[in-house]
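Q: attaching a predicted model along with its sequence, questions to come.
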4 protein chains.
Amino acid sequence: MTGCGDATGYGDAFDAWRADAAGPWRDYTHHRFVQGLAAGTLPRPAFLAYLVQDYRFLIHFSRAWALGIVKAGTLAEMRACAATVDALLNHETSLHFRLCAAAGIDAQALDAAEEAPENLGYTRYVLEAGYSGDFLDLLAALAPCVLGYGEIGARLAREAAPGTPYRDWIDTYAAGDYQRTCRDVGALIDGAVAARLGPGAQSLPRFAELSARFRTATRLEAAFWNLGRA
Amino acid sequence: MTGCGDATGYGDAFDAWRADAAGPWRDYTHHRFVQGLAAGTLPRPAFLAYLVQDYRFLIHFSRAWALGIVKAGTLAEMRACAATVDALLNHETSLHFRLCAAAGIDAQALDAAEEAPENLGYTRYVLEAGYSGDFLDLLAALAPCVLGYGEIGARLAREAAPGTPYRDWIDTYAAGDYQRTCRDVGALIDGAVAARLGPGAQSLPRFAELSARFRTATRLEAAFWNLGRA
Amino acid sequence: MTGCGDATGYGDAFDAWRADAAGPWRDYTHHRFVQGLAAGTLPRPAFLAYLVQDYRFLIHFSRAWALGIVKAGTLAEMRACAATVDALLNHETSLHFRLCAAAGIDAQALDAAEEAPENLGYTRYVLEAGYSGDFLDLLAALAPCVLGYGEIGARLAREAAPGTPYRDWIDTYAAGDYQRTCRDVGALIDGAVAARLGPGAQSLPRFAELSARFRTATRLEAAFWNLGRA
Amino acid sequence: MTGCGDATGYGDAFDAWRADAAGPWRDYTHHRFVQGLAAGTLPRPAFLAYLVQDYRFLIHFSRAWALGIVKAGTLAEMRACAATVDALLNHETSLHFRLCAAAGIDAQALDAAEEAPENLGYTRYVLEAGYSGDFLDLLAALAPCVLGYGEIGARLAREAAPGTPYRDWIDTYAAGDYQRTCRDVGALIDGAVAARLGPGAQSLPRFAELSARFRTATRLEAAFWNLGRA
């Protein structure tokens, strides 16, 4: 894993925000749930509880990316967000259905599950950031999830115990496809920041606001792992 | 053409709203611009002026359908809106680029064109209806455009002068594909209304509010044709 | 205290929503924090921790009522929301400053305090409900706080230990002024529901949606008391 | 009147935006409706038609300022917007009622009047700018109305024909109270810009976006005067 402050390959804004949120970022990416995935010691019921909530999360996360289409400033930005919505809504959710079905959780059970407070808190924070702020606020609030999973996936692919039963999960996020998505999202963010705030963006108070958004979303993302309690 | 009050095949809510907005609906669907397309008498510069504004319209209309994803209540509603966003953003806009390019208007000219007041008024009304209201308000504001073009296309396919140079435009909206979209959108609206307001929806004050939304959007849609002035 | 299902004097919609959320409502209104206020056993640091977070809450709650002005359908609804914004922004926040100052917490400390996850979760849920839904969704999400405090205040005024040091807090919400606000808000809700959904509102699926909003906000409101941890 | 480019006393951002929109700004502030108010030649029915639409405008303008409370970043920004909402909702609308009543237009007639397209277009543009953008986008879209009326009032107080029957209207906006409001709003904008974009704000692409917002709102404001057609 790269240390905080090192280049991640996911873009300049992300590097800066991540360094600025070093503590929460570590809490999130090194949460005991994550470490349990790597070691293979995470109890199965904990993983399933997480999966069920993650389905609801996915729905609201799709909504947030759709809000990105509404808030975008160019056709290219709109299309980038629309591609993510399509991936989430038409592929990820189907994958999730299958994954849960294989674990004995059917679509009805997924819909019936009560949204946990940590789930409500995180998803509504992201959506509200998007509604109340502009495109950049939304991206800053979306970034920790997308890019953090990429970082976790890449790290766990190297560090995970050979026999962990969570290899599939790890591979999903370590895969070239997902890593490419992370670099694309990072480039989308950098482009959006530069187009609005210019080359000196990082020295503006506006950038500090965005960094605070990223930090708060990171704290809520860390809390989300707590849902994986057996 | 079916008279106002007749079944259109585009759903019950649409039938009711259309009957309720009979005057503006006729102004819109029988605007002299439309009649000029049918007769072939519409001056070419008028059509091009319309095309240029319609490109900007398409962008904002895509944003409004994306807002539909955000405001939807079920995965099926989200997917229906996402399919429309995809169609608009990835296919219609490209078609538009080609159509305009063939007429000597390049992408740069499209982007540079100042949005006309009629365009601003209509698109922002739809978006604001969606932001300030709920999913139903948004659908009621979106309906006149989608379904009106279907009705106009179907009628003009029967009535247009054989030699009209606007046959391509007419065929686009008369085509089975587009007519299917209209029936799907009509079904989306009826389903969304029933899921929220129940079987007696049409007798509720809420339905009258939606009808007023539809009527206002129809008035603005009629004004949009005025953009086609040579 | 009235049992769940009894008339509260705060309106018909509230009575129905409260009965529908009986479990979470009891968790909220009889939380050990509340019982500690009544018995006088709540540790002072717990109360102060709550006060600090409550200041941030107040800011976002004011924003949510301001969103009510934007989403209202009539001048009377707008004015009712504006009166609440004025009360919160110009009076409650000043009161809060003084209360905190008296406890040794200055304005700078209030601004510097990191928003707790429970605070983020609740306030953003309410705001997002308002943005994504319509005026009724917003009111249903706002109701548990406003009306629950009224119910708690009225009950604690009767039940509190004579020597509890939290008498001032209790009196604020038991006072005639605040009880009148609760009846006004209840009437605003009933009027808004009837104006949109008609006399049979409670039998519509839409009403069940609103009830679910109320229930979720109640769960998050209960979690908010957990902030009062010494 | 100060020439475009001169300092107006309403702040730096306004000065820059106004200079950038010189053509539309002149169309707006020197519209024949405005000149007719000054010369006293504006037909009474034209003025009344404007008054009726202006009432509806006021409602949506209040909603837009309320959205400012939701989108503000500090308590001071929230309070500044709330003061404007209070002035508009509790004083201006009442004044309007009285003014219209004196002209024989009662509250019912005001509510029944159909919103003109120019009214819909302008108000929804401002609201949508606020919803889709952030606090700055909203302020840039609100500025032409507030500050333009101040500039028009001040100029007409000097230039109007002694016997114009529209002296009351002119005095309202020339008055010290309204001029102070303009300076306050100008200061609110400058403060909000500096707090987010720093001291070099005017050189950022973001500032050009805001200027484009201001320009578009100015064009729509100019079109609004067309409502005053006998």
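A: Now that the structure is in, tell me what you want to look at.
Q: now check the helix or strand encompassing A:Leu142, is it near chain C?
A: A:Leu142 is located in helix A:135-159, with elements delineated by DSSP states H and E. No - Helix A:135-159 does not reach chain C (CB under 8 Å from any CB of the partner chain); its nearest approach is 10.3 Å. (C-beta placed from N, C-alpha, C; glycine too.)
Q: which helix in chain A has the most residues?
A: helix A:44-71 (DSSP state H).
Q: ok, back up a step: centre of the chain versus the helix holding A:Leu142, how much separation?
A: 5 Å (CA atoms, centre = their mean, to the nearest Å).
Q: kindly report the same for stretch A:9-23.
A: Taking mean C-alpha positions (CA atoms, centre = their mean), stretch A:9-23 and its chain are 14 Å apart.
Q: quick check: phi and psi on A:Tyr166?
A: Note on A:Tyr166: backbone dihedrals following degrees, to the nearest 10 are phi -100, psi 20.
Q: nope, A:Asp106 is what I meant
A: Backbone torsions of A:Asp106, given as degrees, to the nearest 10, read phi -90, psi 170.
Q: what sits against the most centrally placed residue in chain A?
A: Centroid check for chain A by CA atoms, centre = their mean gives A:Cys145 as the closest residue, at 1.4 Å. By CB atoms under 8 Å, 6 or more residues apart in numbering or on different chains, A:Cys145 lies in contact with A:61, A:217, A:221.
Q: by neighbours, which of those wins?
A: Among the contacts of A:Cys145, the one with the most neighbours (other CB atoms under 10 Å in any protein chain shown) is A:Ala217, at 26 neighbours.
Q: before we move on, the earlier item: helix B:44-71 and the longest helix of chain A, what's the angle between them?
A: Put simply, helix A:44-71 runs at 150 degrees to helix B:44-71, going by axes from the mean of the first three to the mean of the last three CA atoms, to 10 degrees.
Q: returning to that earlier point: could you measure from the residue nearest to the centre of chain A over to B:Leu75?
A: Distance, A:Cys145 to B:Leu75, by CB to CB, to the nearest Å: 19 Å.
Q: residue of chain A nearest chain D, please.
A: A:Asp134 (4.2 Å; CB to the nearest CB).
Q: setting aside sequence neighbours, what's the nearest residue to that residue?
A: In space, A:Asp134 comes closest to D:Asp134 once its chain neighbours are excluded; the distance is 4.2 Å by CB to CB, 6 or more residues apart in numbering or on different chains.
Q: check contacts around that neighbour.
A: By CB under 8 Å, 6+ apart, the residues touching D:Asp134 are A:132-134, A:137, D:71.
Q: find the nearest non-adjacent residue to A:Val52, please.
A: Counting by CB to CB, 6+ apart, A:Ala113 is the residue found nearest to A:Val52 once chain neighbours are left out, at 4.8 Å.
Q: one step back: got the phi/psi numbers for the residue of chain A closest to chain D?
A: phi -110, psi -170.
Q: which stretches of chain A have low pLDDT?
A: Chain A contains residues with pLDDT under 70 at A:1-7, A:229-230.
Q: let's go with 90 and repeat that
A: Scanning chain A with the threshold set as pLDDT under 90 gives A:1-8, A:90-100, A:102-104, A:106-113, A:226-230.
Q: would you map the helices across it?
A: Going by DSSP H, chain A shows helices at A:12-20, A:22-29, A:32-39, A:44-71, A:75-86, A:93-102, A:107-112, A:117-132, A:135-159, A:167-174, A:176-197, A:205-225.
Q: who wins for proximity to D:Leu120 among those?
A: Closest to D:Leu120 of the helices of chain A is helix A:44-71 (CB to CB; 20.0 Å).
Q: centre of the chain to the closest one, how far?
A: Taking CA atoms, centre = their mean, the mean C-alpha location of helix A:44-71 is offset from the chain mean by 9 Å.
Q: run the angle between that helix and helix A:176-197 for me.
A: Going by the same axes, to 10 degrees, helix A:44-71 makes 40 degrees with helix A:176-197.
Q: can you tell me which of the contacts of D:Asp134 lies closest to C:Arg98?
A: Of all the contacts of D:Asp134, C:Arg98 sits closest to D:Lys71, with 27.7 Å by CB to CB.
Q: neighbours around the nearest residue to the closest one once chain neighbours are set aside, how many?
A: Distances taken as CB to CB, 6+ apart put D:Phe135 closest to D:Lys71, at 4.3 Å, once the chain neighbours are dropped. Neighbours of D:Phe135 under the rule other CB under 10 Å: 27.
Q: my guess is D:Phe135 contacts D:Thr74. True?
A: No - assessed by CB atoms under 8 Å, D:Phe135 is found out of contact with D:Thr74, at 9.9 Å.
Q: for the nearest residue to A:Tyr125 once chain neighbours are set aside, grab the count of nearby residues.
A: Distances taken as CB to CB, 6+ apart place C:Arg124 nearest to A:Tyr125, at 4.6 Å, with adjacent residues excluded. Around C:Arg124 there are 29 other residues, counting by other CB under 10 Å.
Q: dump the residue contacts of C:Arg124.
A: A:121, A:124-125, A:127-128, C:60.
Q: which bits of chain A sit near chain B?
A: For chain A, the residues in contact with chain B (CB under 8 Å from any CB) are A:59, A:62-64, A:66-67, A:69-70, A:72, A:75, A:78-79, A:81-82, A:85-86, A:89-90, A:93, A:127.
Q: circling back to that earlier point, can I get the contacts of D:Asp134 in CSV with distance to B:Asp190?
A: Shown next, in CSV, are those (distance: CB to CB, whole Å):
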residue, distance to B:Asp190
A:Ser132, 33
A:Gly133, 35
A:Asp134, 35
A:Asp137, 36
D:Lys71, 35
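Q: taking these together, which two end up most distant?
A: A:Asp137 and D:Lys71 (10.5 Å).
Q: between these two, who's got more neighbours?
A: Legend: neighbour count by other CB under 10 Å for A:Asp137 and D:Lys71, higher for D:Lys71 (26 against 22).
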